[in-house]
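A.B. asks: Return a 3D structure for these sequence lines:
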Amino acid sequence: MSGAFEGKVVLITGGARNLGRALGVAFAAAGASVAVNARSQRPELPETIAAIEAEGAKTILCLGDITDRTIVDDMVAKIVDRFGRIDVLINNAVTHATKPFLDLSFEEWNGPVKVTLQGAFHCTQAVAPVMIKSGGGSIINMGGLFGHMPIPNRAPTAAAKAGLAGLTRALAVEFAAHNINVNYVAPGPANTIRNGPFSFDMTRIPFGRFAEPAEIVSTVMMLCGRDGRFVTGQTIHVNGGLYMNN
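C.D. replies: Numbering: from 1, shown residues only. This next block holds a predicted model:
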């Protein structure tokens, strides 16, 4: 997709590592300028920025908590001041609470909801007017299996991701008149770096393996590119048939 996003500007929340990094590098390789948001200065960030710039792209690092609307507004203003526009918003930031529902405190419940759902609210509401002013754009809400399949001890993430799917459909209807398509990409387990041990019954996946980040990235880029302009309001599962098979 070399040059497919030449002159475009992409904002990725939760962009420090894993899928966020893979998205940033891929869009950079396709000609875009990339704004990377992370909540704090993570050890992986310099490596991520270097990988994006190695593709010849201009980049900007935007540290800040997207659950704070003032910080989000300042971030968007900073990007527009640097690049003049924002064409693609990828709401990728996430946090997890892994605990039985009856043991959850309200703070543990609210963490994933604030970051995933309310963060997407703040970022989308701040970025959409910029897109409208420049004639359109694309918004991708990154979901996951937890919003669609029953998995124990993941109630906060499940609620947040399911809410994000509903928000996607609502915004697709509202923003179509402004030439903005809005879609929800739901990856399954992928070959990424994890904070703790993770086990999974591989026989549940018809393809018999985890996704490579590039396979998820290609779906996102198709939906944001010329070939995906007429696709909106959709939930796209990228999980080797796992969701279909359960």
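A.B. asks: Distance-wise, check the residue most central in space within the chain relative to residue 53.
C.D. replies: By Cα atoms, centre = their mean, the chain has its centre lying nearest to residue 92, at 2.5 Å. Noted for residue 92: a distance of 20 Å to residue 53, by Cβ to Cβ, to the nearest Å. For the C-beta atoms, the positions are set from N, CA and C on the backbone; glycine is no exception.
A.B. asks: Show me the shaky parts of the chain.
C.D. replies: For the chain, applying pLDDT under 70 flags the ranges 1-2, 192-200, 245-246.
A.B. asks: any chance you could map the strands in it?
C.D. replies: Ranges of strands within the chain are 9-12, 33-38, 59-63, 88-91, 137-142, 180-187, 235-238, based on DSSP state E.
A.B. asks: Throw the ones you listed into JSON lines and include distance to residue 223 and mean neighbour count, thanks.
C.D. replies: Formatted as JSON lines, the strands of the chain follow (distance: least, Cβ to Cβ, whole Å; neighbours: other Cβ atoms under 10 Å):
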{"stretch": "strand 9-12", "distance to residue 223": "13", "mean neighbour count": "29"}
{"stretch": "strand 33-38", "distance to residue 223": "17", "mean neighbour count": "26"}
{"stretch": "strand 59-63", "distance to residue 223": "22", "mean neighbour count": "19"}
{"stretch": "strand 88-91", "distance to residue 223": "10", "mean neighbour count": "28"}
{"stretch": "strand 137-142", "distance to residue 223": "6", "mean neighbour count": "26"}
{"stretch": "strand 180-187", "distance to residue 223": "5", "mean neighbour count": "24"}
{"stretch": "strand 235-238", "distance to residue 223": "7", "mean neighbour count": "18"}
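A.B. asks: In JSON lines, list those strands along with distance to residue 209.
C.D. replies: Output for those, formatted as JSON lines (distance: least, Cβ to Cβ, whole Å):
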{"stretch": "strand 9-12", "distance to residue 209": "25"}
{"stretch": "strand 33-38", "distance to residue 209": "28"}
{"stretch": "strand 59-63", "distance to residue 209": "32"}
{"stretch": "strand 88-91", "distance to residue 209": "24"}
{"stretch": "strand 137-142", "distance to residue 209": "21"}
{"stretch": "strand 180-187", "distance to residue 209": "13"}
{"stretch": "strand 235-238", "distance to residue 209": "13"}
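A.B. asks: Of the ones you listed, give the one that comes closest to residue 171.
C.D. replies: strand 180-187 (4.5 Å; Cβ to Cβ).
A.B. asks: which other helices and strands contact that closest one?
C.D. replies: For strand 180-187, the packing partners by 3 or more Cβ pairs under 8 Å, 6 or more residues apart in numbering; DSSP states H and E come out as helix 119-134, strand 137-142, helix 155-175, helix 213-224, strand 235-238.
A.B. asks: Given that strand, what are its sheet partners and their directions?
C.D. replies: Using DSSP bridges, the strands paired with strand 180-187 are strand 137-142 (parallel), strand 235-238 (parallel).
A.B. asks: ok so, going back, touching, the residue nearest to the centre of the chain and residue 23? I think so.
C.D. replies: Yes. With contacts counted by Cβ atoms under 8 Å, residue 92 reaches residue 23, the gap being 7.0 Å.
A.B. asks: Name the residues contacting each of these two.
C.D. replies: Both residue 92 and residue 23 are contacted by 12, 15, under the criterion Cβ atoms under 8 Å, 6 or more residues apart in numbering.
A.B. asks: Show the end-to-end separation of stretch 53-60, please.
C.D. replies: End-to-end distance for stretch 53-60, by Cα to Cα, to the nearest Å: 10 Å.
A.B. asks: residues making contact with that stretch?
C.D. replies: Residues outside stretch 53-60 that contact it (Cβ under 8 Å, 6+ apart) are 24-25, 27-29, 31-36, 49, 52, 78-79, 82-83.
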